[in-house]
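Chemist: This is a predicted model, with the sequence first.
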Amino acid sequence: MTPEELMALAAELFPIPRSITGPGARETLEVVRRRIPLDVVEVPSGSPALDWTVPAEWSVREAWLEAPDGTRLADYAENPLQLLGYSVSYDGVVSRDELLEHVFTLEDRPHAVPYRTAYYTERWGFCLAYDVVRDLPDGDYRVHIDTTHHTSGSLSYGELVVPGRSDDEVLVSTHICHPLQANDNVSGIVAATALAQHVLSAPRELTYRFVFVPGTIGSIVWLSRHRDAADRVRAGMVLTALGDPARFVYKQSRRGGRWIDEVVPAALAAAGVEHEVRAFDPYGYDERQYCSPGFDLPVGRLSRSTHAEYPEYHTSLDDLSFIDGASLAASVGVLEGVVDLLEHDRCWRSTSPYGEPQLGRRGLYRQIGATIDAKARELALLWVLSGADGSTPLREVAQRSGLEFAALRDAASLLHEHGLLADPALPPA
Amino acid sequence: MTPEELMALAAELFPIPRSITGPGARETLEVVRRRIPLDVVEVPSGSPALDWTVPAEWSVREAWLEAPDGTRLADYAENPLQLLGYSVSYDGVVSRDELLEHVFTLEDRPHAVPYRTAYYTERWGFCLAYDVVRDLPDGDYRVHIDTTHHTSGSLSYGELVVPGRSDDEVLVSTHICHPLQANDNVSGIVAATALAQHVLSAPRELTYRFVFVPGTIGSIVWLSRHRDAADRVRAGMVLTALGDPARFVYKQSRRGGRWIDEVVPAALAAAGVEHEVRAFDPYGYDERQYCSPGFDLPVGRLSRSTHAEYPEYHTSLDDLSFIDGASLAASVGVLEGVVDLLEHDRCWRSTSPYGEPQLGRRGLYRQIGATIDAKARELALLWVLSGADGSTPLREVAQRSGLEFAALRDAASLLHEHGLLADPALPPA
Amino acid sequence: MTPEELMALAAELFPIPRSITGPGARETLEVVRRRIPLDVVEVPSGSPALDWTVPAEWSVREAWLEAPDGTRLADYAENPLQLLGYSVSYDGVVSRDELLEHVFTLEDRPHAVPYRTAYYTERWGFCLAYDVVRDLPDGDYRVHIDTTHHTSGSLSYGELVVPGRSDDEVLVSTHICHPLQANDNVSGIVAATALAQHVLSAPRELTYRFVFVPGTIGSIVWLSRHRDAADRVRAGMVLTALGDPARFVYKQSRRGGRWIDEVVPAALAAAGVEHEVRAFDPYGYDERQYCSPGFDLPVGRLSRSTHAEYPEYHTSLDDLSFIDGASLAASVGVLEGVVDLLEHDRCWRSTSPYGEPQLGRRGLYRQIGATIDAKARELALLWVLSGADGSTPLREVAQRSGLEFAALRDAASLLHEHGLLADPALPPA
């Protein structure tokens, strides 16, 4: 996708009133399904999932708040962010003081409407700009919230499996539950969709599984139903906040030092983009679930601006103006680099490991007076052969040699064609 | 014990004429026994102990030295430090030159009387200030040393076992053989006694064994008679020189990287005191024996000023004025911190390791609008759960998280109460 | 050998017209054989060797090049470097342009004749100074090259095995195929010869095997015929470029961290010479073959100026004036230090590992008033005993202690004589 196409998809997704269940999530998946052949799975409310239970499905018929003088202070139809996520119904007149117990604002960002939810509790409430709330007069406030928590509803998630030559899987997960949040949500959905298109565009060695899930409960539901798939995950990434121009942040998987923890920083370095690598911590997105100690999957997280570290986070300021097509495209570029490494970073084994094979008689050696390029190609051949002990990933050979991964990848292909390398093994996950 | 009580005990112990055997060591153990229920063990002279033999018990009836003019230059009754430790008897008149072959002084610290011993050889001698010796005239010096080396005597050591819920042991060892040395000896005895009182003050998870032994031969005797106990030692410390205000020095066990080698520096850091960590070397106190390659126990050494690195070391200058109650109390505080870590640094295992357990329905999750404290407590819960893989010590989780150990310890307790953690395991020793 | 003797040997070897086969290599081995009892092995051309085949033996009857005016521009009899190594025969008259396709020069070092070869291809050619070639007029150039590639010839290499008490082997390899190159070739032959004399001068614990082989094909031939010997190699070095005064460069074996990779830097440090340690790369000399992943021998490389990093490399500038006796002698001194470590760096095991053995009753402990030397010796005894756990190499004990290896080596001998140490084991290769 071009930067323009990426932004067009973002714009289409942005206004959908998403939550962890309900029509917004379903509509989101529909939009994605117009780009990639996603399966949409519905899991009935009340279903057990690991230590959790799938919640009732939430839908909003109407929700508004009127000041004593009849001014509409909030209206879900206008701005879904103004309703506390999963708010229960309420209809009545309350005093200013009573109201304020149900209103969320951000005193330090007075123009911004905060994004707040009340899953797994029974509350009603509104989210408003502090500027709106500050000078509200005493008087009678009219509250009308008409929502339903359907116990016979369902939770929706999307899944796309792109089979490769091997059953070993790469898991790509993004959440689909934040309404009207451009960076912290829409950008992750867009990047995952674009990456899925890229993966679909050619035959692959590995199997790629993309999951579009509501945060926390969605990954828990997916894990509860795919314990076997989890066993096949050799590498994975949670994608979020990839639309703004900040430097990249890669958060390692729980134990660190896994394959993905080497591959993503290598791809970031190869892309020449500014980036930071952080150790795992148990706070964040669905990596919390994938990396819970029982599963302990090799799943890291790639983002740019990081949750709770930028003022626009979880407010109405995280709108489409906060992200841009160039940043999205750069993010997708890095992800394609990750796929390239996942596809080609292998532990090769030489079929002629005793002494160097004679490259000359195979036409693989530079002739006298060869160019610098020829010498570099020859060096790449020697490095690949020297590392072809069956246990050294090609990426590590690249690091030791100081040569580019692409040069070693091509050298390995050439040697493989000439029968000097046996079929390779995946690096340990 | 208050700083005053610590100094009172030090003052009571200081003047006792200790040696590796004999009445001084016995009296020392009696003083300690008035504070903690120590067993005193007598091991007959001549008993084999590993590669050694328990020496004859030494006692001194009288020992003095007179100048030609009848001035008393040394008198054991006045100052036991003046007699070479384990000196044999001698009665006679010697010339100045003969005398000087038997006199030890410190030319660079001319006011100080050195502390010297002659275990395992047959010598007589005196230790004097260089100022006293420098201008001695020629003439007849009267030497009178009346000592006994009782081959039917014994070596005395003290031992206190404080049983915990588990048989796994913590060994605390201090030496009791230096006469009139405040920092290098008395402070260690005082600190070990105060720590024993602390350990006795509450039920404990681990079993604590305190040994009060004469240096080298005492620990060798103890090891020779407790090979089984040594097998149960999961952590240990040699205590010495803990009464002066210098920064702390922790000397690692032989191989380093053992549990105790992590715990003591963590306790020092938590206490916010200046400290230094040093690798093992085979010179020092009884850690030499505990860490000999056959036993190779996880026993480190905690001290402040380190042997042979301060001018007062092993001289009459290491007197009660060199130590102080505040420094002793700070040392005991660090030791209590070590015990706290030994008691609570455990490898927890989650009973709900697949995905995060739902803290909300257990009332463990902050509600909307929770305070910063509540968020910190929630973070501690998440870190403990994430680390609860059965092999990560809680102390390491604390280091990774940047949270205080106490916060994680309390979070672990809470999760354990709610059945989310199984009974924990000790970290590997 | 004295610096003068080393230079005399270098001067004797320098002018020999070496190549990978033929009379020059044979004469080189003869010169070495006058110093050490080398076996010379002849391997028939056409013999298979791992992935290679022993090439036809090359000999040169005559080779010269005349300018249109009859000036001799090149003459093998005068300077063998001027003929492209392994050049095929050619007799004829060529134009200037045709000639230049067969002439090698160095534009950036216009006075220097490059050293070039064309093994495993069929070419004729000359190597000339750029100064000579630059202004050549058009006209008829007379080329006369009369060489033979004897398919019934052989490849020659030299081998000397110095048996030690143990079958475990140290491999020392140097190449013998560069004509008129003082540092990059002669210096290595000289250093290996001097080291062999040193090894022969006393009984040895280990078996030392010196191989003098033509580059690449020689080590491949040797490996193909000594797979069993390769299994016994516990440490090895490729020697080259040891005659100039540059700092030393030690190139680690393929995986690094092998015994030799610790020993050579320790010897360099002990010698107090400037040096650099580099990770393995698959470009260089015969370490490429010894370290190929199938063999993966613990073989490093010691040199001073490193191939392709100095302007004299592989040109006529690398002549006898580029090397000197003092540098050669310093190199041999380092190599003797390596042998000393290989002979004495052992994993000792205490026969009295439980507690310290009582050194006093064995007369091994300082008496009262001992000197500083005695204290240092006692420290060495304690360090050796503390490290005598059967798995810690003495060299590592030296590093930890800060004491000189020689002090620990002597302490270990003394303890061994007193029965306190059992026979030692070699460190893992």
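Modeler: Structure's in. What do you need?
Chemist: Pull up the gap between A:Ile20 and B:Ala267, please.
Modeler: Here the distance between A:Ile20 and B:Ala267 works out to 44 Å (Cβ to Cβ, to the nearest Å). No exception for glycine: its C-beta is placed from N, CA and C like everyone else's.
Chemist: Also A:Val93?
Modeler: On the measure of Cβ to Cβ, A:Val93 and B:Ala267 end up 60 Å apart.
Chemist: Which one of the two is surrounded by more residues?
Modeler: A direct count of neighbours by other Cβ atoms under 10 Å in any protein chain shown for A:Val93 and B:Ala267 places B:Ala267 higher, at 26 against 13.
Chemist: in terms of contact, does that one touch B:Val338 like I think?
Modeler: Yes - B:Ala267 sits in contact with B:Val338 when judged by Cβ atoms under 8 Å, with a separation of 4.5 Å.
Chemist: Check what pLDDT whatever residue of the stretch 101-250 of chain A ends up closest to chain C gets.
Modeler: Closest to chain C within the stretch 101-250 of chain A is A:Glu205: 23.2 Å, counting by Cβ to the nearest Cβ. Per-residue confidence (pLDDT) for A:Glu205: 97.
Chemist: again with the one 4 residues further on
Modeler: Per-residue confidence for A:Arg209 comes out at a pLDDT of 98.
Chemist: need the contact list for it.
Modeler: A:Glu159, A:Leu160, A:Val161, A:Val162, A:Glu169, A:Val170, A:Leu171, A:Val172, A:Ala229, A:Val233 (Cβ atoms under 8 Å, 6 or more residues apart in numbering or on different chains).
Chemist: where exactly do the helices run in the stretch 1-150 of chain A?
Modeler: A:3-13, A:23-33, A:96-100, A:130-134 (DSSP state H, counting those that start in this stretch).
Chemist: Chain B contacts on the stretch 1-150 of chain A?
Modeler: Selection of the stretch 1-150 of chain A residues close to chain B by Cβ under 8 Å from any Cβ of the partner chain yields A:Ala49, A:Leu50, A:Asp51, A:Trp52, A:Phe104, A:Arg116, A:Ala118, A:Tyr120, A:Thr121, A:Arg123.
Chemist: Strands of the stretch 151-300 of chain A, residue ranges please.
Modeler: Under the criterion DSSP state E, counting those that start in this stretch, the stretch 151-300 of chain A contains strands at A:154-162, A:169-175, A:207-213, A:233-239, A:248-251, A:275-278, A:299-303.
Chemist: helices or strands up against the last one?
Modeler: Okay, so that is strand A:299-303. Using 3 or more Cβ pairs under 8 Å, 6 or more residues apart in numbering or on different chains; DSSP states H and E as the contact criterion, the neighbours of strand A:299-303 among helices and strands are strand A:233-239, strand A:248-251, helix A:259-271, helix A:287-290, helix A:325-344.
Chemist: Quick check: the farthest pair among the contacts of A:Arg209?
Modeler: Using Cβ to Cβ, the pair of the contacts of A:Arg209 lying farthest apart is A:Leu160 and A:Val233, separated by 15.1 Å.
Chemist: what number of residues lie near the residue in chain A positioned nearest to chain B?
Modeler: Minimum separation of chain A from chain B (Cβ to the nearest Cβ) falls at A:Gly294, amounting to 3.1 Å. Residues within reach of A:Gly294, counting by other Cβ under 10 Å, total 16.
Chemist: Then A:Arg349?
Modeler: 17.
Chemist: Just list whatever residues bridge to it.
Modeler: Counting by DSSP bridges, A:Arg349 forms beta bridges with A:Asp389, A:Ala422.
Chemist: pLDDT score assigned to it?
Modeler: So, for A:Arg349, pLDDT stands at 98.
Chemist: Was I right to think it contacts A:Ala422?
Modeler: Yes - at 4.8 Å, A:Arg349 counts as touching A:Ala422 under the criterion of Cβ under 8 Å.
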